[in-house]
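# any chance you can model this:
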Amino acid sequence: MKRILVISPSGEVYDHDNVRWYNYKDIQRSINHYHNIGDAFVFDSSLKLLNYDKLDALEIANPNLADIDRINAEYDYVFLRGSNYIHKDMKWERAIDVLRKLKIPVIAWGIGAQAPVKGMIEISDETKTVLRLMADSTTSIGVRGAYSAQVLWDLGIKNVRIVGCPTAFRRNNPDLEIKLRALDKVKTAGITLRREVSPTYAQDIKQYLTFHRDLVKSLAARFDVVLMAQGEVEEKKIVFGTPDQKEEAFAALKANPWVKDWYLDETMEKLHRERLFYSDVVASYEDLVQQKDMVLGYRLHGNLMALANGVPSIYFTYDSRTVEFAETYQIPSFDVFSGKKFSLEEYWDQSLFDKFNRAYRFMYREMRQFLVENGAETKMVDVMKKPEKVQLKAA
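A predicted model of the protein is given here:
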């Protein structure tokens with residue numbers, strides 16, 4: 001039996017390897033709290049790539065250190081769900097105490113660093129210690145891209161492998177390819193929204209929001225669109241709230257001068273009232289993207305969910321994280337701060353998506369190798385040993 005642990009799960013697990021948010025049926029319990037359902041995408045996708053019999057969470061907030069000997073004896077490894085952990089404000093609670101007592105591998109899987117707009121990245125001594133403890137326990141530490149790999153290298157952590165994100169491989173198809181249909185045949189689109197953004201990482205909030213608004217409006221005028229939110233409180237209230245909560249959400253948005261002046265005009269309000277989607281269940285997002293001709297926008301994992309299902313996606317990059325994802329997978333991307341006008345026709349180019357197709361296959365191999373070399377039993381296909389297709393002959 002394979003028994004594994006996870007640090008920082010993001011949601012409750014059901015039917016072995018599916019994830020939804022905690023108490024998802026009682027939306028009112030979390031409607032006033034922000035949680036990024038994209039983190040649940042990563043958790044769900046990670047589970048879909050692993051063979052295991054039992055999964056538990058490793059407690060780092062209030063751990064029972066006396067229980068670590070039992071954990072070492074009963075579990076095969078621990079993995080840290082991929083996320084944006086490498087930054088100056090990351091808090092690890094009592095992770096250092098736990099990691100120093102663990103003797104099983106602690107696999108950091110698709111973690112990343114985020115660069116500020118100005119100056120060098122700052123990393124606390126606490127985070128440096130956690131990273132070094134995890135790296136010392138495994139053959140390699142898995143990061144999402146070249147920037148994150150360089151940050152670790154500069155810390156003296158050199159057993160780094162660039163693996164991207166498990167979400168890209170959730171369908172476990174090494175032969176996945178994006179093939180474009182004629183643009184005049186495209187009728188439906190998902191637009192991944194990110195209204196909230198930090199000036200620490202995005203260089204011009206006005207340009208970010210006005211470009212975001214104008215992009216949504218131009219696509220909505222051209223296609224049958226769904227606006228895909230990922231956990232902001234106001235958007236959750238618009239989708240799931242009572243009538244009073246829905247109006248409270250719009251009032252809150254209009255009270256925010258950035259949103260009022262640069263984002264939520266009359267057309268955008270109408271679209272948010274009529275076309276907004278949110279769910280606390282990862283499978284609902286997958287069902288949605290599978291019904292779309294394309295998905296594009298600002299959300300790392302919302303876009304990656306589409307690509308994982310063979311649906312074309314274009315990234316709109318605005319910080320080091322989005323740039324790093326686009327570079328790792330060679331995803332067609334547009335720089336929000338370039339000052340250029342976005343033209344969908346310029347990006348609806350099979351040669352651009354063929355770069356993604358090649359990068360995807362390479363990254364699939366890297367992801368599988370990372371799991372294998374760190375002792376995680378994986379469902380991923382060994383593409384170097386795939387059986388040849390047999391040509392059947394008529395008798």
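# what about stretch 261-280, average pLDDT?
Within the predicted structure, the mean pLDDT of stretch 261-280 is 98.
# what does it contact?
11, 20-21, 24, 27, 30, 37, 190, 195, 205-206, 209-210, 212-213, 216-217, 220, 225-231, 235-236, 238-240, 250, 253-254, 285, 288 (Cβ atoms under 8 Å, 6 or more residues apart in numbering). All C-beta spots, glycine's among them, are computed from the backbone N, C-alpha and C.
# find the nearest non-adjacent residue to the residue nearest the centre of the chain, please.
Relative to the mean C-alpha position of the chain, the nearest C-alpha, by Cα atoms, centre = their mean, is the one of His301, at 3.3 Å. Using Cβ to Cβ, 6 or more residues apart in numbering and skipping residues adjacent in sequence, the residue nearest His301 is Gly38, 3.7 Å away.
# any idea which helix or strand comes after the one helix or strand the one you found maps to?
The secondary structure element spanning Gly38 is helix 37-48 (assigned by DSSP states H and E). The element immediately downstream of helix 37-48 (helix or strand, assigned by DSSP H and E) is strand 54-57.
# show me which residues of that following strand are buried.
Residues of strand 54-57 classed as buried: Leu55 (neighbour count, 16 or more other Cβ atoms under 10 Å).
# and Asp53, what does it touch?
Asp53 makes contact with Met1, Lys2, Arg3, according to Cβ under 8 Å, 6+ apart.
# kindly recompute the last result at 6 Å.
Asp53 sits next to Met1, Lys2 when contact means Cβ atoms under 6 Å, 6 or more residues apart in numbering.
# can you check the one 4 residues further on too?
If a contact means Cβ under 6 Å, 6+ apart, then Ala57 has Val6, Pro9 as its contacts.
# repeat the analysis, applying 8 Å as the threshold.
Shown here is Ala57, whose contacts under the criterion Cβ under 8 Å, 6+ apart are Leu5, Val6, Ile7, Pro9.
# which SS class is the second one?
Three-state secondary structure (criterion: DSSP: H, G, I helix; E, B strand; the rest coil) places Val6 in strand.
# which strand residues bridge it?
Following DSSP bridges, Val6 is listed with bridge partners Ala57, Phe79.
# from what I see, it and Asp44 are in contact.
No: if you go by Cβ atoms under 8 Å, Val6 and Asp44 don't touch, sitting 11.6 Å apart.
# when those two are compared, which one has more neighbours?
For Val6 versus Asp44, neighbours defined as other Cβ atoms under 10 Å are more numerous around Asp44 (26 against 20).
# host element of the closest residue to that one other than its chain neighbours?
Nearest-residue entry for Asp44: Val19, 3.8 Å, with adjacent residues in sequence omitted and distances by Cβ to Cβ, 6+ apart. Taking DSSP H and E as the criterion, Val19 maps to strand 18-20.
# any buried residues in that strand, and which?
Taking 16+ other Cβ under 10 Å as the basis for neighbour counts, the residues of strand 18-20 that come out buried are Asn18, Val19, Arg20.
# contacts only, for the second one.
This points to Val19. Here Val19 is in contact with Ser10, Gly11, Glu12, Val13, Ala40, Phe43, Asp44, Leu47, Val282 (criterion: Cβ under 8 Å, 6+ apart).
# if we only consider the buried residues of strand 18-20, which is nearest to Phe342?
Distances from the buried residues of strand 18-20 to Phe342 were compared by Cβ to Cβ; the smallest belongs to Val19, at 33.2 Å.
# could I get the buried residues of strand 18-20 as TSV with distance to Leu55?
Supplementary listing: those in TSV, determined by distance: Cβ to Cβ, whole Å:
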residue	distance to Leu55
Asn18	12
Val19	11
Arg20	15
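# pLDDT score assigned to Lys389?
Note on Lys389: pLDDT of 49.
# tell me how far the closest residue to Glu324 other than its chain neighbours lies from Asp15.
The shortest distance from Glu324 to any residue that is not its chain neighbour, by Cβ to Cβ, 6+ apart, is 3.6 Å, and that residue is Gly145. In this structure, Gly145 lies at 32 Å from Asp15, with Cβ to Cβ, to the nearest Å as the measure.
# show me which of the two is the more surrounded one.
Gly145 (23 against 7).
# where in the chain is pLDDT low?
Low-confidence segments of the chain, defined by pLDDT under 70, span residues 386-395.
# domains in it, by residue range?
The chain breaks down by automatic domain parsing into domains covering 3-172+360-384, 183-355.
# now, of the contacts of Val19, which are buried?
With neighbours counted using 16+ other Cβ under 10 Å, the contacts of Val19 contain these buried positions: Ser10, Gly11, Val13, Ala40, Phe43, Asp44, Leu47, Val282.
# make CSV out of the residues you listed and add distance to Thr267.
Conversion of the buried ones among the contacts of Val19 to CSV gives the following (distance: Cβ to Cβ, whole Å):
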residue, distance to Thr267
Ser10, 34
Gly11, 34
Val13, 40
Ala40, 31
Phe43, 35
Asp44, 34
Leu47, 40
Val282, 30
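# wait, which of those is closest to Asn172?
Each of the buried ones among the contacts of Val19 was scored against Asn172 by Cβ to Cβ, and Leu47 proved nearest at 11.6 Å.
# that closest one - nearest residue in space that isn't next to it in sequence?
Residue nearest to Leu47 in three dimensions, not counting chain neighbours: Asp17, with 3.8 Å by Cβ to Cβ, 6+ apart.
# how about that neighbour, what does it touch?
With the criterion set at Cβ under 8 Å, 6+ apart, Asp17 makes contact with Asp44, Leu47, Lys48, Leu50.
# pick the one among those closest to Ala326.
Asp44 (22.2 Å).
# distance of the closest one relative to Lys379?
Asp44 is 14 Å from Lys379, where distance means Cβ to Cβ.
# between the contacts of Ala57, which is nearest Val117?
Comparing these against Val117 with Cβ to Cβ picks out Ile7 as the nearest, at 29.3 Å.
# okay, now the residue nearest to that closest one when sequence neighbours are not counted: neighbour count?
The shortest distance from Ile7 to any residue other than its chain neighbours is 4.5 Å, reached at Leu80 (Cβ to Cβ, 6+ apart). Using other Cβ under 10 Å, Leu80 is surrounded by 24 other residues.
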